[in-house]
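J.: just coords:
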DNA sequence: ATTATATATCGCAAATATACGATAAAAAGA
DNA sequence: TCTTTTTATCGTATATTTGCGATATATAAT
């Protein structure tokens, strides 16, 4: 794989793919659900609930943060994470855009 | 990585993650768009449009087919692909389910 | 029958993702 | 100050994904 071919596609498709990748692991979906359900959103609580090591959870949190779906603030030795809803809505719109795009022409031929 | 930890999460999250993975590459999003826009959906036409080799496109088509988002029928030496809209709607519902789940409780704390 | 065309699959190389133990860093508590 | 607690990061092992050339297969065309 000499070159990263992803950059040769439309930016809008790249962004949507990036977001899809962020939620393309059940651990990250579970993390998002925990963050939404709990009032507090301390990293340690997520580690307790998930069947993964602390280092792995930290890595998943980083990925979600990199794509902008969550934000975190350091709170003494603890880290507080929560969902960035505005970013989330943006991606939901992108998804629905794709869905609508695909459903508008129903040329089922096979 | 001794064990595949993905199986330790809820099935509903696993399924959503699987779908997200299918559209987590701009080439596969582009393929879906081409299939939706064109009346015909012959593999060769997709290869022409995408900046990828035929073997690579064939592989992406296989992944989309495996997850059920598209279906294909052999038509002489050519292969005809199209979107499986019922599957697509099912996944759209799964996505919106997650979005609603996350948006209902807006406990933004950081 | 032979050739051309279209697509799937094989085999390989390189890149990326996943997972975790060990350790670093940073603040709270004793 | 020393210890404990909490989290991030480093290093490493393994798995998966991505990409393509070569080849196999199957049909159409000549």
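T.: Alright, I've got the coordinates. Being a predicted model, the structure only gives us computed values, none of them experimental.

J.: where does chain A dip in pLDDT?
T.: Low-confidence segments of chain A, defined by pLDDT under 70, span residues A:1-2, A:39-40, A:104-108.

J.: let's see it at 90
T.: A:1-4, A:37-42, A:73-77, A:99-110 (pLDDT under 90).

J.: And the closest residue to residue A:68 other than its chain neighbours, how close does it get to residue A:32?
T.: For residue A:68, ignoring the flanking residues on the chain, the nearest one in space by CB to CB, 6 or more residues apart in numbering or on different chains is residue A:87 at 4.4 Å. In this view, the C-beta of every residue, glycine as well, is placed from N, C-alpha and C. Relative to residue A:32, residue A:87 is positioned 12 Å away (CB to CB, to the nearest Å).

J.: Between these two, point out the one with more neighbours.
T.: residue A:32 (21 against 15; other CB atoms under 10 Å in any protein chain shown).

J.: circling back: check which helix or strand covers the residue nearest to residue A:68.
T.: Taking DSSP states H and E as the criterion, residue A:87 maps to helix A:85-104.

J.: hang on, the earlier thing: quick check: neighbours shared by residue A:87 and residue A:32?
T.: Common contact partners of residue A:87 and residue A:32 (CB atoms under 8 Å, 6 or more residues apart in numbering or on different chains): residue A:69.

J.: Stretch A:79-91: end-to-end distance?
T.: 25 Å (CA to CA, to the nearest Å).

J.: That stretch vs DNA strand C: in contact?
T.: No - using CB under 7 Å from any atom of the strand, stretch A:79-91 never reaches DNA strand C; the gap is at least 10.6 Å.

J.: coming back round to it: run through the neighbouring helices and strands of the helix holding residue A:87.
T.: Counting contacts by 3 or more CB pairs under 8 Å, 6 or more residues apart in numbering or on different chains; DSSP states H and E, helix A:85-104 is packed against helix A:11-22, helix B:26-37, helix B:85-104.

J.: Buried ones in the last one, by neighbour count?
T.: This means helix B:85-104. Residues of helix B:85-104 classed as buried under the neighbour-count rule (16 or more other CB atoms under 10 Å in any protein chain shown) are B:85, B:88, B:91, B:92, B:94, B:95, B:98, B:99, B:102.

J.: same question, the first one
T.: By neighbour count with 16+ other CB under 10 Å, helix A:11-22 contains the buried residues A:13, A:14, A:16, A:17, A:18, A:19, A:20, A:21, A:22.

J.: can you give me the angle the helix holding residue A:87 makes with helix A:11-22?
T.: Orientation check (axes from the mean of the first three to the mean of the last three CA atoms, to 10 degrees): helix A:85-104 against helix A:11-22 gives 110 degrees.

J.: which bits of chain A sit near DNA strand C?
T.: Counting by CB under 7 Å from any atom of the strand, the residues of chain A near DNA strand C are A:1-2, A:4, A:21, A:24-25, A:27, A:52-56, A:59-60, A:63, A:76-77.

J.: hmm, which of these are the buried ones?
T.: Buried, going by 16+ other CB under 10 Å: A:21, A:24, A:25, A:27, A:52, A:60, A:63, out of the residues of chain A next to DNA strand C.

J.: out of those residues, what pair is the most spread apart?
T.: Longest distance between any two of those is 18.3 Å, between A:21 and A:52; criterion CB to CB.
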